[in-house]
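Q: can't give you the sequence, but here's the structure:
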């Protein structure tokens, strides 16, 4: 809940390469199982995304997908989606 947004890097002990997040989508599910996508244009969570986080109960899951990041080479990449469980 304290995270303001997403960050990305390659950090394997040898390489430490920062990437800039240019956008992503969160997908929440309502009580009926309907997917509710929320788009962020940049690395920060939108206010609607933050509000959705606050409404979630422990053990519930949401997904972060369509993550776009630009590396130092200037190439935009789509990163793998993530599943997040609320503790």
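A: Arrived safely. All of these numbers come straight from a predicted model, not from anything done at the bench.
Q: Could you verify my assumption that residue 64 touches residue 80?
A: No. Residue 64 is beyond contact range of residue 80, at 9.8 Å (criterion: C-beta atoms under 8 Å). Every residue, glycine included, has its C-beta placed from N, CA and C.
Q: So for these two, which sits in the more crowded spot?
A: Between residue 64 and residue 80, counted using other C-beta atoms under 10 Å, the more crowded position is residue 64 (19 against 7).
Q: If we ignore the residues flanking it in sequence, what's nearest the more buried one?
A: residue 82 (4.6 Å; C-beta to C-beta, 6 or more residues apart in numbering).
Q: so who does that neighbour touch?
A: 63-65, 67 (C-beta atoms under 8 Å, 6 or more residues apart in numbering).
Q: and which of those is nearest to residue 30?
A: Closest approach to residue 30 among these (C-beta to C-beta): residue 63, at 13.9 Å.
Q: Could you pull out the buried residues of the strand or helix carrying that closest one?
A: With elements taken from DSSP states H and E, the one containing residue 63 is strand 61-70. Across strand 61-70, burial judged by 16 or more other C-beta atoms under 10 Å covers 62-64, 66-69.
Q: Thank you, goodbye.
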